[in-house]
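A.B. asks: need a 3D model of the sequence below.
(chains A and B)
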Amino acid sequence: MNSSEPVIRAVNLKKYFPVRGRIFDVIRRRPKLYVRAVDDITFDIYEREIFGLAGESGCGKTTTGKTILRLIEPTSGKLFFKGDDLLKYDGSKLKEFRRRAQIIFQDPYESLNPRMNIYSIVEEPLRIHKIGDKNERLEMVFKVLEDVELKPPENFIYRRPHELSGGQRQRVAIARAMILNPEFIVADEPVSMLDMSIRAEILNLMLKLRDEYKLTYLFITHDLAVAKYICSRLGIMYLGKLLELGSAEKVIDEPYHPYTRALISAIPTPDPREKIGEIPIKGEVTSPINVPKGCRFYPRCVRAMDICKEKEPKLMEVSKGHFVACHLYA
Amino acid sequence: MLLQVEGLKMYYEILGKGLVHAVDDVFFSLDKGETLGVVGESGCGKSSLAISILRLLPINGKILGGRVLLDGVDILNMDLEKFRKEIRWKRISIVFQGAMNALNPVLRVGDQIAEAIMLHSDVSKKEAMKRVISLLEMVGIDGSRAKGYPFEFSGGMRQRVMIAMALALNPQILIADEPTTALDVIVQAQILKLIKNIQRRLELSVILISHDISMVSELSDKLAIMYAGQIVELGDMVDVYLNPLHPYTKALLSSVPSIKMKRRLLKSIPGAPPNLLQPPKGCRFHPRCPFKADLCEEEEPEFVSVSKDHFVRCHRFEELRGVEFK
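C.D. replies: Below you'll find the predicted structure:
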């Protein structure tokens, strides 16, 4: 990796969503409740890296991705884009950032406007950012469609999303993100709605585009097999906290945190001779509103100790480049 | 054999467009206590296969041929009223995809299961509730929760309720259509273990339908790979996994990432599944198959037996043994 500024630096990032209080609670002057979707997480994403965030639904991975793009304003914390204070961006600076950072959503059936044809969908970002004249745009749209392997482009530009397969639609969504020549892309579960055979195709396309466009990705997924395949580094989230962070291979092959271990033990493999064993976890996910004091995971942890109830563990480096937030390793 | 499906054909009639060949000449059999996994991509006909067996077809779904034998009796041509009373739910039941959202939100969970029991058998409400409590306990939910409403249950627990409901009338065969999509991995693993457990205890036969081969391989004894309305390969799960014969099976297996494997480039299958209004002539996979020969474009391959329990629908499987998909 290179030693220069990380593309994205998030420091003590927090996003709390207020829970709508009942009138009764307001009269009683009960304290306002918050969902702590992202709660004090810190990480860097380096150039040309595919940084993964994984965890179960509701762990805050999507909120983190949206906050980094300033689609949601953080409650507190700092964000830097290539060394610049991202939270100070406004007006034209923010618009320029919106060109340089893009997002790909999970569901290509919902993220494309069904009334627009493929040409208008892919060209729209150029119009919004006032880039090029009509002919230049046409050329750019054709090039990007070829880059995402929708070939030949003239077969696709007049079609509408419903005429395309799921994989083709996700390629259109990727083309729309790529046309502004971005440096950073948040990919929020880009393959989870797709069939197995198409998944590999889209993942390989994203790898190819990283090299061709010199991209950096934040890759959000719940599927650790996909994360292991595509990510260079991987963070595991649970109830708004980052519990483990390291190279994707290390985190999955040699996990430290009891939660990561439980998660990995629950994943089936295609090999029928390997079966899922005991899953070392208790109970169900606790509500993100009343988070336990101490370690968030302790009510479900099979190795919980007294200290876990009292003190929140900090993310610490346990081996080179591998960070864990757990008292077992303190 | 408990269940035998022979040459089943089910087409959807689309006005002005023709017939969608959703299930076309499908063969398989299922023994008591056995689990058959059915894997295929969306639109390959795997759910249509399930609703054809249960005769839950929409008006435009037409069964055009084949037999479904349950203990030797053809249930496809049976009087529908008799089928509804004696077969559906009582002997073959189903957990639908996304079923956990099918619970009525304003009825107590226990009452919903009891209703199903009382509709099909002549028992009092009290007896039915007793059965409900034992069913809930079987799927790992405390009996007292029968008084709860669906919103008080998590997604995983609602899925357990749906499984309990499917088992309410002691069926011999349970069809589970994507029983774990939309569930988190840990919950998915728990549901799979639950199905395995119940199956052992009740000697239940299970047809597990999914697009996810990893999930299916966890439970299945036999595996059927479906493509464009047909089963293209059928055999013992481990055998098919280790010695896949059909190019599509090979492709599917090499496109699945696994957490256990070293990183290697995943292969993808070029192109997209065919439009089943006009399935390709010859082998349905030939437009995407790197091994296609002239014969494949002309003549539809037969579903042939390779060994006792291994079947394949491919002209060239013999010469392609051990050849990897590229």
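
A.B. asks: would you mark the buried spots in stretch A:200-209?
C.D. replies: A:200-207, A:209 (16 or more other C-beta atoms under 10 Å in any protein chain shown). (Glycine included, C-beta is placed from N, CA and C.)

A.B. asks: what ranges do the helices span in chain B?
C.D. replies: Per DSSP state H, chain B carries helices over the ranges B:46-53, B:80-86, B:109-120, B:125-138, B:155-166, B:185-202, B:213-219, B:237-242, B:247-254, B:294-298.

A.B. asks: about what we covered before: I'd like the buried residues of stretch A:200-209 as TSV, with secondary structure appended.
C.D. replies: TSV is the format used below for the buried residues of stretch A:200-209 (DSSP: H, G, I helix; E, B strand; the rest coil):
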residue	secondary structure
A:A200	helix
A:E201	helix
A:I202	helix
A:L203	helix
A:N204	helix
A:L205	helix
A:M206	helix
A:L207	helix
A:L209	helix
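
A.B. asks: can you redo those residues as TSV with distance to B:K196?
C.D. replies: Compiled in TSV, the buried residues of stretch A:200-209 are given as follows (distance: C-beta to C-beta, whole Å):
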residue	distance to B:K196
A:A200	29
A:E201	33
A:I202	32
A:L203	31
A:N204	34
A:L205	37
A:M206	36
A:L207	36
A:L209	41
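
A.B. asks: state the pair within those that is farthest apart.
C.D. replies: Put simply, by C-beta to C-beta the two of these set farthest apart are A:A200 and A:L209, 15.0 Å from each other.

A.B. asks: ok, which of the helices of chain B comes nearest A:L224?
C.D. replies: Ranking the helices of chain B by proximity to A:L224 (C-beta to C-beta) places helix B:185-202 first, at 7.7 Å.

A.B. asks: buried ones in the closest one?
C.D. replies: Buried residues in helix B:185-202 (16+ other C-beta under 10 Å): B:185-196, B:198-199.

A.B. asks: among those, name the ones that also lie close to chain A.
C.D. replies: Filtering those for proximity to chain A by C-beta under 8 Å from any C-beta of the partner chain leaves B:185-190, B:192-193.

A.B. asks: which residues of the stretch 151-300 of chain A score low on pLDDT?
C.D. replies: For the stretch 151-300 of chain A, applying pLDDT under 70 flags no range at all.

A.B. asks: quick one, strands of it?
C.D. replies: A:184-188, A:216-221, A:233-238, A:241-247 (DSSP state E, counting those that start in this stretch).

A.B. asks: what would those strands look like in TSV with mean neighbour count?
C.D. replies: Output for the strands of the stretch 151-300 of chain A, formatted as TSV (neighbours: other C-beta atoms under 10 Å in any protein chain shown):
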stretch	mean neighbour count
strand A:184-188	23
strand A:216-221	26
strand A:233-238	26
strand A:241-247	25
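
A.B. asks: need those strands in CSV (columns: distance to chain B).
C.D. replies: Listed next are those as CSV, based on distance: least, C-beta to the nearest C-beta, whole Å:
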stretch, distance to chain B
strand A:184-188, 15
strand A:216-221, 11
strand A:233-238, 11
strand A:241-247, 11
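
A.B. asks: now render those as JSON lines, adding distance to A:I23.
C.D. replies: What follows is the strands of the stretch 151-300 of chain A, written out as JSON lines (distance: least, C-beta to C-beta, whole Å):
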{"stretch": "strand A:184-188", "distance to A:I23": "36"}
{"stretch": "strand A:216-221", "distance to A:I23": "37"}
{"stretch": "strand A:233-238", "distance to A:I23": "33"}
{"stretch": "strand A:241-247", "distance to A:I23": "32"}
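
A.B. asks: what's the closest of those strands to B:V240?
C.D. replies: Closest among those, using C-beta to C-beta: strand A:216-221, at 27.9 Å.

A.B. asks: picking up where we left off before, between the buried residues of helix B:185-202, which is closest to B:A128?
C.D. replies: Nearest to B:A128 among those: B:I198, at 19.8 Å, using C-beta to C-beta.

A.B. asks: is the closest one in contact with B:V139, as I believe?
C.D. replies: Yes. When contacts are counted by C-beta atoms under 8 Å, B:I198 is listed as touching B:V139 (7.3 Å).

A.B. asks: find residues that contact each of these two.
C.D. replies: Shared contacts of B:I198 and B:V139, defined by C-beta atoms under 8 Å, 6 or more residues apart in numbering or on different chains, comprise B:163, B:167.

A.B. asks: got a list of what residue 218 touches?
C.D. replies: Answering for chain A, as no chain was given. A:L218 makes contact with A:8, A:45, A:51, A:53, A:65, A:68, A:184-187, according to C-beta under 8 Å, 6+ apart.

A.B. asks: correction: the question concerned chain B.
C.D. replies: Neighbouring residues of B:E218 by C-beta under 8 Å, 6+ apart: A:268, A:272, A:275-276, B:192.

A.B. asks: perfect, I'm done here.
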